[in-house]
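1. need a structure here:
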Amino acid sequence: MIKIKKSRFILIIVSVIIATLVVTGVGLYIFSAVNDVTIVNKSNYTKMEKISKKYAKLYSIQNAINTKGLWKVSEAKQMNAIYKGLVNSLDDEYSVYMTKSEAKKWNSYVNGTFYGIGVSFSKDDKGHFVIFKVFADSPAKNAGLKSGDRILKVNGKTYKSSDAIAKAIRGKEGTSVSVTYSRGGVTKTKKIIRAELAEDSVYSSVLKGNIGYIWISAFSENTASEFKTELKAMENKNVKGLVIDIRENGGGYTEQGIKIADMLLPEGTITYMQDKNGKKTYYNSKESCTKLKYVLLVDGNTASTSEILAAAIKDNKGGKLVGTTTYGKGIVQGEYSFKDGSALKLTIYQYFSPNGHKIHKIGVKPNYVVKLKSGSKTDYQLKKAIELLK
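-> Next comes the predicted model:
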């Protein structure tokens, strides 16, 4: 009998098993380290080998920058540039890689949540920034600002664009901003503390002649629920007709627009979406819908989800469209979130009208083309809509 030390015996057994696996072609590879033996599945090894070859140049470039480059750049900045560059290669303005902070801002925007004072304003034909809405229980409301006030300065500075002045007004929660405004020829300056605000996306009123009016500013996560409430209120008031205004509405959550279309249309197709492989997914409305007669207002900034709603109403003859041809964004993005808070917004579908009309880069032409006249205080599009409801 030959005696073998226990440690040597175990080593021989392991060696035999390894040799057997390699010889019989079971498909395992062995990697040896100083004190380790790691068995890796052949398919996984092949994948690792492909990845190593594919990104070898990238690693070499990064290594050269970090070891020999004159300028120091953090690894986080390097990787973000790589991710952004990869997505930019699509040449698709709607597909984008977002860092953690960018993703947070984007989601806040889509959901109608932001930090500011709580006012909505627009630029009139004379170039003045005029407040048309002050949010309830907002810092602006508490400071005494009212609809019709003209914003002159923010933190002592004047601005030429709406985007620039909006950016100046917004800021971190708890910080202050100085707003100079005029009312009735009297100029005042108020120091206002910014707060977190959730902007409603649906507003309503009853116009002269008992005509209902609902404005949808965006399709946020609660828009369909808000619209349902306002639509029910209009039905209870027995309005003669309803104007639904989606002008300047750049879109938002697709399912919210589909839900609203379902409230307005009888049974039928709302839209269908098609992926890169040509697979179609249909979205249909149920039989029940509002009995109110309605008109939809659209313009060149009516885009994306707004166009799904517009095309569905036009093709199904649910109501007339008044205004100008819509923007023409007939594609849908999916959002993919990562553990570090970053996200990828990627175009994954193209959608079509119920009758199969392409929307992307074409738009939806209204039944009645009505342009707004420059310098006129009369909203001719709204005026035409009301005429159709009488």
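
2. Look up how far Ala81 lies from Asn88.
-> Separation of Asn88 from Ala81 (Cβ to Cβ, to the nearest Å): 10 Å. The C-beta positions use only the backbone N, C-alpha and C, and glycine is treated the same way.

3. where exactly do the helices run in the stretch 1-150 of the chain?
-> In the stretch 1-150 of the chain, the helices defined using DSSP state H, counting those that start in this stretch lie at 6-24, 42-54, 56-68, 75-88, 100-110, 139-143.

4. Domain ranges for this structure, per the record?
-> If you go by automatic domain parsing, the domain ranges for the chain are 6-94, 113-198, 202-389.

5. Count the neighbours of Lys54 for me.
-> As a burial measure, Lys54 scores 9 neighbours (other Cβ atoms under 10 Å).

6. quick one: stretch 177-195 to chain centroid distance?
-> Chain-centre distance of stretch 177-195: 31 Å, with Cα atoms, centre = their mean, to the nearest Å.

7. just the domains of the chain: most buried one?
-> Compared across those, domain 202-389 shows the largest average neighbour count, a mean of 18 (mean count of other Cβ atoms under 10 Å).

8. how distant is that one from the center of its chain?
-> Centroid displacement of domain 202-389 relative to its chain, using Cα atoms, centre = their mean, is 16 Å.

9. Same question for stretch 193-201.
-> Relative to the mean C-alpha coordinate of its chain, stretch 193-201 is positioned 18 Å out (Cα atoms, centre = their mean).

10. Could you tell me the end-to-end distance of it?
-> Taking Cα to Cα, to the nearest Å, stretch 193-201 runs 23 Å from one end to the other.

11. begin at 141 from here
-> In the new count, where the first residue is 141, that last one comes out as stretch 333-341.

12. What lies in contact with it?
-> With contact meaning Cβ atoms under 8 Å, 6 or more residues apart in numbering, stretch 333-341 is reached by 251-258, 260, 275, 278-279, 310-317, 356-360, 362-363, 366, 392.

13. closest to Lys244 out of the domains of the chain?
-> domain 342-529 (7.1 Å; Cβ to Cβ).

14. where does the stretch 341-490 of the chain dip in pLDDT?
-> By pLDDT under 70, the stretch 341-490 of the chain has no low-scoring segment.

15. And the strands in it, which stretches?
-> With DSSP state E, counting those that start in this stretch as the criterion, the stretch 341-490 of the chain has strands at 342-347, 351-356, 381-385, 408-414, 420-425, 434-438, 460-463, 471-477, 483-492.

16. Would you map the helices across the stretch 391-530 of the chain?
-> 394-404, 445-455, 520-529.

17. Can you name the residues bridging to Thr329?
-> Note on Thr329: beta-bridge partners by DSSP bridges are Thr320.

18. distance of it from Val294?
-> Relative to Val294, Thr329 is positioned 10 Å away (Cβ to Cβ).

19. list the residues that contact both of those two?
-> By the contact definition Cβ under 8 Å, 6+ apart, Thr329 and Val294 are jointly contacted by Ser318, Val319, Thr320.

20. wait, which of the helices of the stretch 391-530 of the chain is closest to Phe478?
-> The closest of those to Phe478 is helix 394-404. By Cβ to Cβ, the value is 22.1 Å.

21. which residues touch the closest one?
-> Residues from elsewhere that reach helix 394-404 (Cβ under 8 Å, 6+ apart): 356, 359-361, 363-364, 367-368, 371, 384, 391, 410-411, 423, 425-426, 429-430, 434, 444-446, 448-449, 452-453, 458-459, 472, 491.

22. swap in stretch 356-366?
-> Contacts of stretch 356-366 (Cβ under 8 Å, 6+ apart): 250-252, 339-343, 367, 384-386, 388-397, 399-400, 403, 445-446.
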